[in-house]
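Visitor: Got a predicted model here, sequence first, then my questions.
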Amino acid sequence: MTGLPSARTLDDLTMPGTHNTCALIGGPFDTAKCQSLPLSEQLARGVRYLDIRCRPFDGAFTIHHGAIYQRRNFHDVLTDCRAFLTANPGETILMSVQKEHSDAPDTEFARIFHDVYLRDHGFARWFHRVPGRIPTLGEVRGRIVLVAKAPGIGGLDRYDGNLLSVQDEWT
């Protein structure tokens, strides 16, 4: 992305992405495994759209694919993204964040996202969470563009059909 014009909007780009980005653990019958490379390697190989599934658990987010805990936490995901963007400040990452395998209220999910990760762990400066319009590459270089599948966390609303057209035929 470094060589691309900063005035170009993200909807003018093709962003390679992975379904259930951190699903490396298969569980029974290996059905939950979607990827063979860890997040850091996916980023190094050009993946720029991340599908992150978070389960609120004990005041934090664990990473899940369905009921299968992926032995990673959201802090691990954000640390990998921060390291990549620090080393590659001309790049950007789009990150879809959603609640997985939980009946926790949306307000609790949003509280953990804001209070624990953005405020307490200091990741707020790494996120671009401006809703309602697609940003230019120049606005988001070195940052994570949040694509929200969970209410109350800010960012681009994944369900806003006037803003985004998302192919989500995963079956």
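Guide: Structure received.
Visitor: so Met95, which of the three states?
Guide: Following DSSP: H, G, I helix; E, B strand; the rest coil, Met95 is assigned to strand.
Visitor: mind listing what it touches?
Guide: Contacts for Met95 (Cβ atoms under 8 Å, 6 or more residues apart in numbering) come out as 49-50, 52, 81, 144-147. Where C-beta positions appear, they are placed from N, C-alpha and C, glycine not excepted.
Visitor: from those, which two are the most distant?
Guide: Farthest pair in the contacts of Met95 (Cβ to Cβ) is Cys81 and Val147. Separation: 13.6 Å.
Visitor: Tell me how far the residue nearest to Ala67 when sequence neighbours are not counted lies from Arg111.
Guide: Leaving aside its chain neighbours, Ala67 sits nearest to His101 (5.4 Å; criterion: Cβ to Cβ, 6 or more residues apart in numbering). With the distance defined as Cβ to Cβ, to the nearest Å, His101 ends up 18 Å from Arg111.
Visitor: Repeat that for Thr9.
Guide: 32 Å.
Visitor: got it, and Arg48?
Guide: In terms of Cβ to Cβ, Arg48 sits 28 Å off from Arg111.
Visitor: And these two? Which one has more around it.
Guide: Each of Arg48 and Arg111 had its neighbours counted (other Cβ atoms under 10 Å), and the higher figure belongs to Arg48 (21 against 16).
Visitor: Make sure that one is actually in contact with Pro16.
Guide: Yes. Between Arg48 and Pro16 there is a contact under Cβ atoms under 8 Å: 6.0 Å.
Visitor: and for those two, which residues touch both?
Guide: With contacts defined as Cβ under 8 Å, 6+ apart, no residue is shared by Arg48 and Pro16.
Visitor: Perfect, that will be all.
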